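> fold the following.
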Amino acid sequence: MTTNEQWINGKFEETDIDYKIAGKNILYKNEIEYLPKGAELLCKKIKPKSVLEFGFGKGWTATEFQKQGVQRHVILEPNKENYQMALDWKKQYNTNIEILNIFSWDFETTEKFDLVYDDRQQFTLEDDDIHYKQMNKILEDGQWYSYYTNKAINKYYDNYPIYFELDDILYVQTLKKYNQHRRFIYNANS
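Below is the predicted model:
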């Protein structure tokens, strides 16, 4: 079974400290303290009406995007069990929510979203490389792209960080505008 097949068919499990798919961590339970806060701050900063979100997890950020008034929301979730959880979650909203059971690199669109929110779990470097190659195809100049990063990486590469602290955790949500001339530079072989 390939890594992708393991991920697609992997069991969604809860432990004392985290949530896993196919035995790999996707979320720590304490992230509920800051992931929704990061989504809230992003929404307050750019006021998106449409969001493309990679990964559903427990739906914490998806719920926050709905609370913040997002009207068009597309979520890509490749894991079958987690996808079903997302479909169940969607039933409580009457906004334009579309949930697709695919990997990010399988997503084709001409739609421009106000915000592309990337909180997916990287499971191999090769898959991460494929993801960023696809982002270079679908993102347009000036499109907002956001992902979680750490302070050391952020200070060198990113212009629009959102920082906040909860207890001992320094959370950094990176927000940048995509530029076709300075595309994502990523090479899994380097």
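
> count of neighbours near residue 39?
As a burial measure, residue 39 scores 28 neighbours (other C-beta atoms under 10 Å). For every residue, glycine as well, the C-beta is placed using N, CA and C.

> quick check, it in contact with residue 59.
No. Residue 39 is beyond contact range of residue 59, at 11.1 Å (criterion: C-beta atoms under 8 Å).

> with just CA atoms, put the strand or helix carrying residue 130 into PDB.
Using DSSP states H and E, residue 130 maps to helix 125-138. The C-alpha coordinates for helix 125-138 follow below in PDB (Å, rounded to 0.1, in the frame of the first residue of the first chain):
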ATOM      1  CA  LEU A 125       8.800  15.500   1.400                       C
ATOM      2  CA  GLU A 126       7.800  14.300  -2.000                       C
ATOM      3  CA  ASP A 127       4.100  15.000  -1.300                       C
ATOM      4  CA  ASP A 128       5.000  18.400   0.100                       C
ATOM      5  CA  ASP A 129       6.900  19.200  -3.200                       C
ATOM      6  CA  ILE A 130       3.800  18.100  -5.200                       C
ATOM      7  CA  HIS A 131       1.600  20.300  -3.100                       C
ATOM      8  CA  TYR A 132       3.700  23.400  -3.700                       C
ATOM      9  CA  LYS A 133       4.000  22.700  -7.400                       C
ATOM     10  CA  GLN A 134       0.100  22.600  -7.500                       C
ATOM     11  CA  MET A 135      -0.100  25.800  -5.500                       C
ATOM     12  CA  ASN A 136       2.100  27.500  -8.200                       C
ATOM     13  CA  LYS A 137      -0.500  26.500 -10.800                       C
ATOM     14  CA  ILE A 138      -3.700  27.600  -9.000                       C
END
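
> what sits closest to residue 145 if chain neighbours are left out?
Among residues not flanking residue 145 along the chain, residue 116 sits closest, at 4.8 Å (C-beta to C-beta, 6 or more residues apart in numbering).

> tell me what that neighbour is bridged to.
residue 52, residue 145 (DSSP bridges).

> need the contact list for residue 70.
Shown in contact with residue 70 (C-beta atoms under 8 Å, 6 or more residues apart in numbering): 43, 48-51, 95.

> which ones among these are found in strands?
Of the contacts of residue 70, the ones assigned to strands by DSSP state E are 50-51.

> where neighbours are concerned, which of the contacts of residue 70 has the most?
Going by other C-beta under 10 Å, residue 51 tops the contacts of residue 70 with 27 neighbours.

> and that residue, what is it in contact with?
Contacts of residue 51 (C-beta under 8 Å, 6+ apart): 65, 70, 72-74, 113-117.

> rebuild those residues as CSV, extending it with distance to residue 11.
Output for the contacts of residue 51, formatted as CSV (distance: C-beta to C-beta, whole Å):
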residue, distance to residue 11
65, 27
70, 30
72, 31
73, 26
74, 25
113, 31
114, 34
115, 31
116, 28
117, 25
